[in-house]
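*Asks:* prediction below, plus the sequence it came from.
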Amino acid sequence: MLHLEFKLRFSLIAFFVIALLLLAPSSICAQSAERPIRVAARICPPFVMNEAGNFSGLSIFLWDNIALELGLEYSIEEYVLDEMLESTAQGKADVGVSCLSKTHEREKIIDFSHSFYETHLAIAVKQHGILHAIKTIFYNKKLYGVVGIIVGVAALIGGILFLLEHKINTKLYSMKNRGGKLVEGFITGLLFVTSWPIRYYEFRTLGGRTLSAVLAVGSTLMIASVTAILASAFTLDQMRSEITGLQDLAKVKVGVMEATTSAEYLQEQGINSRTFKERQKLLAALDAGNLGAVVADGAVLKYLIKKAHAEGRYESLSVLPFEFEKQSYAFALPEHSPHVEKFNQALLFILESPVWRKELIKYLGR
């Protein structure tokens, strides 16, 4: 009897355990039957925007369609980046929606969905006016370097030719005094460096003619090199902005959004930066001249500056045609979430649809 009673009790306990397991929510869909899905959103135009409590943007569009596909009800609450990650990691939010880049450090505390958009870090600068461009020409170190090379080489060549020719070549050295002949020698060297108009038969000595033949090749190469250096130094973009790429960021004050991959990247590169909590204040500081450059995700920078231009603001700001450090955007889910598979299936279905491509064009253009 005791053995039978024990078996009955064990069977009842097993029955209740199985029943509880069957009734417990096993997917994001089951969870929605009990309560709305909690969405933590971080503002990041054009991916997440909030106008008078109405959320919109590319990431919101994707989430809306995922929720529709999975039959979910949800509520959205706005967070800053760190709070969004923390809330998702602790399970206080069921999904994090923004322009969230997938990184190794974030992967330690949350799970990511499949990527839905790829971009790169980019640099925004303030373009200066024509007066600044003219001033830049006279303060350009490359210019003085090139002038120094030209003068030095011209003086060397002119000096050698002077020693060889000035006593017997009255055609090239017609001045009566020694000082005048030295000036003529320098001019002769300068002509070889810049345009090479003098033929070998203009010289009377064998040494002068031999040197002119050698310089015929050397001056051609030098002219090409000088032209390339000057063209590089005086492109319009370089004259209108002292930042032309990543290598110049260490020379200016750089602004970034706090706790972002941009801030992490600059820190890894040993480049000091000033952090901001709001993007509009970040761009306003650049426009006011308090920053020399802003580093952020290229898609976000281009959208914000394009929108500002349409509104008549920040008209001198532009994004350089230089991108680095690839960024892959994804949704955030609690770590070891059992819902990742269904979430990804719905996400991929929407990403392959024509409506997603139309939405990209709507916000980012072609």
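*Replies:* That came in fine, so what should we check first?
*Asks:* need the longest strand for the protein.
*Replies:* Counting by DSSP state E, the longest strand found in the chain is strand 317-329.
*Asks:* now it: average pLDDT?
*Replies:* Strand 317-329 shows an average pLDDT of 93 in the prediction.
*Asks:* strands of the stretch 1-150 of the chain, residue ranges please.
*Replies:* 37-41, 49-51, 54-56, 74-78, 95-97, 110-112, 117-126 (DSSP state E, counting those that start in this stretch).
*Asks:* need the winner for burial among the ones you listed.
*Replies:* Neighbour counts (mean count of other C-beta atoms under 10 Å) averaged over each of these peak at strand 95-97, with a mean of 27. (Each C-beta comes from the backbone N, C-alpha and C, glycine too.)
*Asks:* pLDDT on that one, on average?
*Replies:* The pLDDT scores in strand 95-97 average 97.
*Asks:* could you chop this structure up by domain?
*Replies:* Annotated domains of the chain cover 25-116+330-364, 124-128+243-325, 141-233 [automatic domain parsing].
*Asks:* mean pLDDT lowest where, among the ones you listed?
*Replies:* For these, the weakest mean pLDDT is recorded on domain 141-233, namely a mean of 75.
*Asks:* centre of the chain to it, how far?
*Replies:* Here domain 141-233 is found 45 Å from its chain centre; the criterion is C-alpha atoms, centre = their mean, to the nearest Å.
*Asks:* separation between residue 184 and residue 161?
*Replies:* From residue 184 over to residue 161 the distance is 10 Å, taken as C-beta to C-beta, to the nearest Å.
*Asks:* ok, residue 261 next?
*Replies:* 60 Å.
*Asks:* more crowded one of these two?
*Replies:* Between residue 261 and residue 161, counted using other C-beta atoms under 10 Å, the more crowded position is residue 161 (27 against 21).
*Asks:* let me see the contact set for the closest residue to residue 67 other than its chain neighbours.
*Replies:* In this structure, residue 67 finds its nearest non-sequential neighbour in residue 74, 5.6 Å apart by C-beta to C-beta, 6 or more residues apart in numbering. For residue 74, the contacting residues are 32, 36-39, 63, 67, 94, by C-beta atoms under 8 Å, 6 or more residues apart in numbering.
*Asks:* looking at these, which is nearest residue 102?
*Replies:* Residue 102 lies nearest to residue 63 out of the contacts of residue 74, by C-beta to C-beta, at 16.8 Å.
*Asks:* hmm, the closest one is touching residue 97, no?
*Replies:* Yes: proximity of residue 63 to residue 97 meets the contact threshold set by C-beta atoms under 8 Å, at 5.1 Å.
*Asks:* where do the strands sit along the stretch 201-350 of the chain?
*Replies:* Here the stretch 201-350 of the chain has its strands, by DSSP E, counting those that start in this stretch, at 254-257, 274-276, 293-297, 317-329, 332-334.
*Asks:* would you list those in JSON lines and tack on distance to residue 145 and mean neighbour count?
*Replies:* JSON lines is the format used below for the strands of the stretch 201-350 of the chain (distance: least, C-beta to C-beta, whole Å; neighbours: other C-beta atoms under 10 Å):
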{"stretch": "strand 254-257", "distance to residue 145": "26", "mean neighbour count": "24"}
{"stretch": "strand 274-276", "distance to residue 145": "32", "mean neighbour count": "17"}
{"stretch": "strand 293-297", "distance to residue 145": "24", "mean neighbour count": "27"}
{"stretch": "strand 317-329", "distance to residue 145": "24", "mean neighbour count": "17"}
{"stretch": "strand 332-334", "distance to residue 145": "51", "mean neighbour count": "24"}
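*Asks:* who does whichever strand or helix holds residue 191 touch, helix- and strand-wise?
*Replies:* Following DSSP states H and E, one finds residue 191 within helix 178-194. Applying 3 or more C-beta pairs under 8 Å, 6 or more residues apart in numbering; DSSP states H and E, we find helix 178-194 packed against helix 141-165, helix 206-233.
*Asks:* what count of nearby residues applies to residue 312?
*Replies:* Residue 312, neighbours per other C-beta under 10 Å, totals 7.
*Asks:* let me see the contact set for it.
*Replies:* Residues in contact with residue 312 (C-beta under 8 Å, 6+ apart): none are found.
*Asks:* touching, residue 100 and residue 333? I think so.
*Replies:* No: look at residue 100 against residue 333 with C-beta under 8 Å: they stay out of range, at 10.9 Å.
*Asks:* which residues are common contacts for the two?
*Replies:* Jointly contacting residue 100 and residue 333 under the rule C-beta under 8 Å, 6+ apart are residue 112.
*Asks:* quick one: contacts for the residue nearest to the spatial centre of the chain?
*Replies:* Note on the chain: the residue nearest the mean C-alpha position is residue 122, at 1.5 Å, using C-alpha atoms, centre = their mean. Applying C-beta under 8 Å, 6+ apart to residue 122 gives the contacts 295-298, 301-302, 319-320, 322-324.
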